[in-house]
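[1] The sequence and its predicted three-dimensional model are supplied below.
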Amino acid sequence: MQDSIRGKAYVIGDNIDTDQIIPAKHLVYSLSDPEERKLYGKYAFSGIPDAAAGLPQGNVKFVPDGDYRSFYQIVIGGKNFGCGSSREHAAEALQIAGITTVVAESYARIFYRNVVDGGFCIPFESTQRLITEIKTGDDLEINVPAGTLKNLTSGKTYSLRPLGDLLDIIKAGGVFAYARQTGMLKS
Amino acid sequence: MTMTEKVLARHAGRTSVVPGDHIWVDVDILMTHDVCGPGTIGIFRKQFGPTAKVWDREKVVIIPDHYIFTNDQHAHRNIDVLRAFVKEQDLPYYYDVGTDKYKGVCHIALPEEGHTRPGEVLFGTDSHTCTAGAFGEFATGIGNTDAALIMGIGKLWVKVPETMRFEFEGPLPPYLMAKDLILHIIGDIGVDGATYRAMEFAGDGVMSLSIEERMTLCNMVIEAGGKNGMIPVDAVTEKFVKSKTSKPYQPVADDPDARFHSVRRYKTADIQPTVAKPHSPDNRSTARECTGITLDRAYIGSCTGGKLNDFVAAAKILRGHQVKADTYIVPATTEVAKGLATTKLDGQTLAEIFEKAGAKISQGASCAACLGGPSDTFGRLNKSEVCISTTNRNFPGRMGSKTAQVYLASPYTVAASAITGTITDPREFL
């Protein structure tokens, strides 16, 4: 895991469930075919109602038409991010779209597990509500050892919660790597 | 220890655990389906090698149920992936599409086929795997990566959850169903009110419920963020389980000194027919407060509200009436579908009652429009329709279009509302 993470913010609200992250009708594409899996990036966040997509103004496309990579690299979310269905496609869709990091007030349990165990992106928890502080398109820098997020656009700095119990799995890059390191799996 | 703690301790080979412990547990059953199975199989092959075998072929259950009755070719390909894997691994518990073994919705098929047993650990690649807590076992949803790891080694790490206890006093009044109780709880604690925690349901109100109604209670713990649901094992549980399987099992019970995160007590008589308004399962209201809201559609189906008892309840209200809202009937499993054709009320089968009322009955048992699915899915909301549904989620776009509005309610309330075309308290018809 790198010490410094930089990227542009895409801001969304509370209770963004996995149906909004990747709508169910898209769960039919192959995740192992290198070309077909790009469709998950193309449709990432396509279930969010337009007015709530890219706060505060809304109506901001997460992925440009015809592309599968987002203009944004860091998701700023509210409470209970990733609630609902257990579809791991949601965590993977964000990674395919180019998201490296999610910073949310809190996570739903299965999504959090999926992000960590699959090694798709790093899930930080904020110590305050950031969706009213940060605007979609702001340039952000996360200092991992210091546990801080700096909004380079506004100049303000915020603290993040320690990655906690699952730091070892996150550092390993996922549960398979972790299981090999700890001897649960033969390498 | 609580029931959840006891099951986890036993499966970790420990005499005790406390909430917060990270442990590796032995898995009794791993369930997957057509949406998450192919991804799981892909990771399993990548991590364990192309010739790897699953850790125990008796413990992997594969139930295609999500995208079955569709012309979507990608969806058909997913079934082909499952079929090839089952053949290669010689798995005995596969319920293939287009055969007599086909079942339908996995959470209802699992108990019908004897795969849910007290005291066991069940993981499934579906968030509503928590339904099986109704049988006094630890059951929860996981992603493809975790499922692939289990496939290879039969173990998974878990963090032992604290247990929230919910006690209901008094049997249910005749106008209430388990759906009303769980929607009431979710309204109280919110869609993240039980995150990382077990939700245990008890009290004489809960223990007076049928096994199907207990499944409804546990089914929606995920809608409060819960990790697993849990209901004490009694004669009702044992009778059902023994009728489905001869495999031995070891039930657990709460210790007298078990520690709970919290205990909430309800009198069932105080609960009203409950509705969750768009766009969140915790946006609680009552059917009476929503009276007059005009509906385009009523939907009765899914792992939450597509069991035989759900259709018996709907038929009690619908018999002798015509629906004003377009009404869709989707049996969860083929066994439930058979029940529609054989179960009678006043000499008429449930299917006859629904047909006479003007409802549309799905020819196939599956998840169907509960989660939207491909655009040709039976009952899918493709426009800005307003729907009342016996399903489990109403976040934007869940049943199809993100401009549609979904109200969640019990089969009684959905049936009463279908008749009037507006949200209606079922007491108007009972």
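    Perfect, thanks for sending it.

[2] Show me what counts as buried in the lengthiest strand in chain A.
    Taking DSSP state E as the assignment, the strand of chain A that covers the most residues is strand A:4-11. By neighbour count on 16 or more other CB atoms under 10 Å in any protein chain shown, the buried set for strand A:4-11 is A:Ile5, A:Gly7, A:Lys8, A:Ala9, A:Tyr10, A:Val11. For every residue, glycine as well, the C-beta is placed using N, CA and C.

[3] So which residues make contact with it?
    If you take CB atoms under 8 Å, 6 or more residues apart in numbering or on different chains as the criterion, strand A:4-11 is touched by A:45, A:54-56, A:60, A:62, A:70-77, A:99-101, A:122, A:130-131, A:134-144, A:151.

[4] Whichever of the residues you listed end up buried, select them in PyMOL.
    Buried residues among the contacts of strand A:4-11 (16+ other CB under 10 Å), as a PyMOL selection:
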select buried, chain A and resi 45+54+55+60+62+70+71+72+73+74+75+76+77+99+100+101+122+130+131+134+135+136+138+140+142+144+151
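
[5] What ranges does the stretch 151-300 of chain B have for its strands?
    Remark: strands assigned in the stretch 151-300 of chain B by DSSP state E, counting those that start in this stretch are B:155-159, B:163-169, B:198-202, B:228-230, B:262-267, B:274-276, B:284-286, B:297-301.

[6] Equivalent analysis for chain A, please.
    In chain A, the strands defined using DSSP E lie at A:4-11, A:74-77, A:101-104, A:122-125, A:139-143, A:148-151, A:157-159.

[7] Starting from the fourth one, tell me which strands it pairs with and how they run.
    Strand pairing for strand A:122-125, determined by DSSP bridges: strand A:101-104 (parallel).

[8] for the chain, what's the longest helix?
    As the question left the chain open, I've gone with chain A. If you go by DSSP state H, chain A has its longest helix at helix A:109-118.

[9] meant chain B actually
    helix B:73-89.

[10] residues making contact with that one?
    A:28-30, B:34-35, B:37-38, B:41, B:53-54, B:57, B:60, B:62, B:64, B:67-68, B:91, B:94, B:96-97, B:374.

[11] Write a ChimeraX command that selects only the buried members of those.
    Buried members of the contacts of helix B:73-89, defined by 16+ other CB under 10 Å, are picked up in ChimeraX with:
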select /A:28,29,30 /B:34,35,37,38,41,54,60,62,64,67,68,91,94,96,97,374
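
[12] Just the contacts of helix B:73-89: which are in helices?
    B:Gly37, B:Pro38, B:Ile41.

[13] For chain A, tell me whether stretch B:133-146 is touching it.
    Yes - Stretch B:133-146 reaches chain A (CB under 8 Å from any CB of the partner chain) through B:Thr140, B:Gly141, B:Ile142, B:Gly143, B:Asn144, B:Thr145, B:Asp146.

[14] Would you list the buried entries among the residues you listed?
    Among the residues of stretch B:133-146 next to chain A, those classed as buried by 16+ other CB under 10 Å are B:Thr140, B:Gly141, B:Ile142, B:Gly143, B:Asn144, B:Thr145, B:Asp146.

[15] Sort out which one of the residues you listed lies nearest B:Leu308 for me.
    B:Gly141 (24.0 Å; CB to CB).

[16] Contacts only, for that closest one.
    A:Ser86, A:Ile110, B:Phe123, B:Gly124, B:Thr125, B:Asp126, B:Ser127, B:His128, B:Thr129, B:Cys130, B:Ile222.

[17] ranking those by neighbours, who comes first?
    In terms of neighbours by other CB atoms under 10 Å in any protein chain shown, the contacts of B:Gly141 top out with B:Ile222 at 32 neighbours.

[18] could you show me where the helices are in chain A, in order?
    A:18-21, A:38-42, A:89-96, A:109-118, A:167-172, A:175-181.

[19] any chance of those helices in TSV, plus distance to B:Thr116 and mean pLDDT?
    Listed next are the helices of chain A as TSV, based on distance: least, CB to CB, whole Å; pLDDT from 0 to 100:
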stretch	distance to B:Thr116	mean pLDDT
helix A:18-21	25	98
helix A:38-42	32	98
helix A:89-96	26	98
helix A:109-118	20	98
helix A:167-172	29	95
helix A:175-181	26	96
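
[20] Of the ones you listed, which is nearest B:Arg259?
    Set against B:Arg259 and scored by CB to CB, these come closest in helix A:109-118, at 20.7 Å.

[21] Show residues contacting that closest one.
    With CB under 8 Å, 6+ apart, helix A:109-118 has contacts from A:18, A:81-83, A:86, A:88, A:90-92, A:102, A:107, A:120-123, A:166, A:169-170, A:174-175, B:127, B:140-146, B:149, B:195-196, B:222, B:225, B:227.

[22] report the angle between the axes of that helix and helix A:89-96?
    Going by axes from the mean of the first three to the mean of the last three CA atoms, to 10 degrees, helix A:109-118 is angled at 50 degrees with respect to helix A:89-96.

[23] any idea how far helix A:109-118 is from the chain center?
    11 Å (CA atoms, centre = their mean, to the nearest Å).

[24] For stretch A:25-40, list every residue counted as buried.
    Buried residues in stretch A:25-40, defined by neighbour count with 16+ other CB under 10 Å: A:Lys25, A:His26, A:Leu27, A:Val28, A:Tyr29, A:Ser30, A:Leu31, A:Arg37, A:Leu39, A:Tyr40.

[25] CA atoms of it as PDB?
    This file holds the C-alpha atoms of stretch A:25-40, laid out as PDB (Å, rounded to 0.1, in the frame of the first residue of the first chain):
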ATOM      1  CA  LYS A  25     -29.200  -6.200 -15.200                       C
ATOM      2  CA  HIS A  26     -25.400  -5.700 -15.800                       C
ATOM      3  CA  LEU A  27     -24.400  -8.700 -13.600                       C
ATOM      4  CA  VAL A  28     -24.300 -11.000 -16.600                       C
ATOM      5  CA  TYR A  29     -21.000  -9.900 -18.000                       C
ATOM      6  CA  SER A  30     -17.900 -12.100 -17.600                       C
ATOM      7  CA  LEU A  31     -15.400 -10.900 -14.900                       C
ATOM      8  CA  SER A  32     -12.600 -13.000 -16.300                       C
ATOM      9  CA  ASP A  33     -12.800 -11.900 -20.000                       C
ATOM     10  CA  PRO A  34     -10.400  -8.900 -20.200                       C
ATOM     11  CA  GLU A  35     -12.500  -7.000 -22.700                       C
ATOM     12  CA  GLU A  36     -16.000  -7.900 -21.400                       C
ATOM     13  CA  ARG A  37     -15.200  -7.000 -17.800                       C
ATOM     14  CA  LYS A  38     -14.700  -3.300 -18.900                       C
ATOM     15  CA  LEU A  39     -18.500  -3.100 -19.100                       C
ATOM     16  CA  TYR A  40     -18.500  -3.100 -15.300                       C
END
